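Chemist: need a structure here:
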Amino acid sequence: MYAELHRLYHQPLFDLLKQARGVHEAHWPEGQVQLCTLLSIKTGGCSEDCGYCAQSARFDTGLKVERLMGAGEVMERARAAAASGSTRFCMGAAWRGVRGGTERFEQVLDIVRQVSALGMEVCTTLGELGPEEARQLKEAGVTAYNHNIDTSREHYPNVVTSHTYDDRLRTIKNVQDAGMSVCCGGILGLGETIEDRLKMLEVLAGFNPPPESVPINSLMPMPGTPMADHSQVDVFDLVRLIAVARIALPGAKVRLSAGRTALSREAQALCFFAGANSIFYGEKLLTAPNPEKNDDLTLLHTLGLMPQQPDRGLEAPGADPARPRGPVPCGA
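Modeler: Here you go, the predicted model:
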């Protein structure tokens, strides 16, 4: 698999784009883009040491720590998101993980039930999950669970030391076993090589069942974090990786995620052509800025693209019975 990904990535750009476009049109012929809204329901004070994250309590980033939002405030934001055209409402909490039976997890389950009743797809990203917590989130109405692997297994210890790559894969397996869709991708600009990026895609393509959506983020360097001085990701590197992701994961939504404020309209158009068909929609991504809603709608209209309708009946991708279930096992 890695050799083929390497071959795809390093071919002439127009040849790669032509191939990716063909795959995209075969699997996503409607010309639609999913609009997702991301809300931080608990901000800052996280015990993890992810080197890119302003929400880590280990770094002096000046971020104000906020407690878990009440259901009323979350619902106000969710209704506004639905009214503006978002079809998936994603809720993120800055903590290591959740544990069943705790007050905060019961609060989250209640929020999920209420948001689910609005008719949007519901996504959460709450850190590590055990099998029982995953089951309860599924029953409460979670459509998809986001848990990015960020980069390759080899480079991961250079980014995070407070948990392991296998910890990430374990949560993903628990999510899949509970019947939820997996939203899992990575971040470009963490000091990784092209080989690290392709190895990340190799891991994602090895999931059984495959991820339902794959966010491709560009690092937004945050003051006070260890990666505050990292340089901007080259646009053509981003486009190449989106194109290879589209070919390797033809049935997944490829989400053009963090870093869009640094991209021109033309660069975003090229990303859509390469196979991106989902974006975060709204002025904020957890703690980072995002393009204005009207700018996004104008760009989609200019490109002849349409917002995707919500699919509350969305079923998680099916597993291939001829292959082992779950992500690549430990040590593979």
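Chemist: So which bits of stretch 299-314 are buried?
Modeler: Using 16 or more other C-beta atoms under 10 Å as the burial criterion, the residues of stretch 299-314 that qualify are 299, 300, 305, 307, 308, 310. Just so you know, the C-beta spots here come from the backbone N, C-alpha and C atoms, and that holds for glycine as well.
Chemist: So which of those residues belong to strands?
Modeler: The members of the buried residues of stretch 299-314 that map onto strands under DSSP state E are residue 307.
Chemist: how much space between residue 129 and residue 245?
Modeler: As judged by C-beta to C-beta, to the nearest Å, residue 129 and residue 245 stand 24 Å apart.
Chemist: Ok, residue 327 next?
Modeler: Counting by C-beta to C-beta - residue 327 and residue 245 are separated by 16 Å.
Chemist: residue ranges of the strands in the stretch 1-150 of the chain, please?
Modeler: Remark: strands assigned in the stretch 1-150 of the chain by DSSP state E, counting those that start in this stretch are 32-42, 88-93, 121-125, 144-146.
Chemist: Show me what the third one is packed against.
Modeler: In this case it means strand 121-125. Packed against strand 121-125 by the contact rule (3 or more C-beta pairs under 8 Å, 6 or more residues apart in numbering; DSSP states H and E) you find strand 88-93, helix 103-116, strand 144-146.
Chemist: Okay, buried residues for the first one please.
Modeler: Same thing as strand 88-93. Quick answer for strand 88-93 (16+ other C-beta under 10 Å): 88, 89, 90, 91, 92, 93.
Chemist: and which of these is nearest residue 181?
Modeler: residue 88 (10.5 Å; C-beta to C-beta).
Chemist: Would you state the predicted confidence (pLDDT) at the closest one?
Modeler: Note for residue 88: predicted pLDDT of 90.
Chemist: Mind putting the helices and strands packed on strand 121-125 into TSV with distance to residue 227?
Modeler: What follows is the helices and strands packed on strand 121-125, written out as TSV (distance: least, C-beta to C-beta, whole Å):
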stretch	distance to residue 227
strand 88-93	19
helix 103-116	29
strand 144-146	20
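Chemist: tell me, which of those is the model least confident about?
Modeler: Taking mean pLDDT as the measure, strand 88-93 is lowest among the helices and strands packed on strand 121-125, coming in at a mean of 91.
Chemist: Make TSV out of the strands of the stretch 1-150 of the chain and add distance to residue 9.
Modeler: Listed next are the strands of the stretch 1-150 of the chain as TSV, based on distance: least, C-beta to C-beta, whole Å:
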stretch	distance to residue 9
strand 32-42	24
strand 88-93	29
strand 121-125	28
strand 144-146	25
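Chemist: right, so of those, which gets closest to residue 73?
Modeler: strand 32-42 (8.7 Å).
Chemist: Hmm, residue 198 and residue 244 touching each other?
Modeler: Yes - using C-beta atoms under 8 Å, residue 244 is in contact with residue 198, at 7.2 Å.
Chemist: Roughly how far does residue 15 sit from residue 243?
Modeler: 10 Å.
Chemist: And residue 75, by the same measure?
Modeler: 38 Å.
Chemist: Compare those two (neighbour count), which wins?
Modeler: residue 243 (29 against 16; other C-beta atoms under 10 Å).
Chemist: Next, the contact list for the nearest residue to that one once chain neighbours are set aside, please.
Modeler: Counting by C-beta to C-beta, 6 or more residues apart in numbering, residue 20 is the residue found nearest to residue 243 once chain neighbours are left out, at 3.7 Å. Taking C-beta atoms under 8 Å, 6 or more residues apart in numbering, we find residue 20 in contact with 242, 243, 244, 246, 247, 274, 275.
Chemist: Since that was my last question, I'll sign off now.
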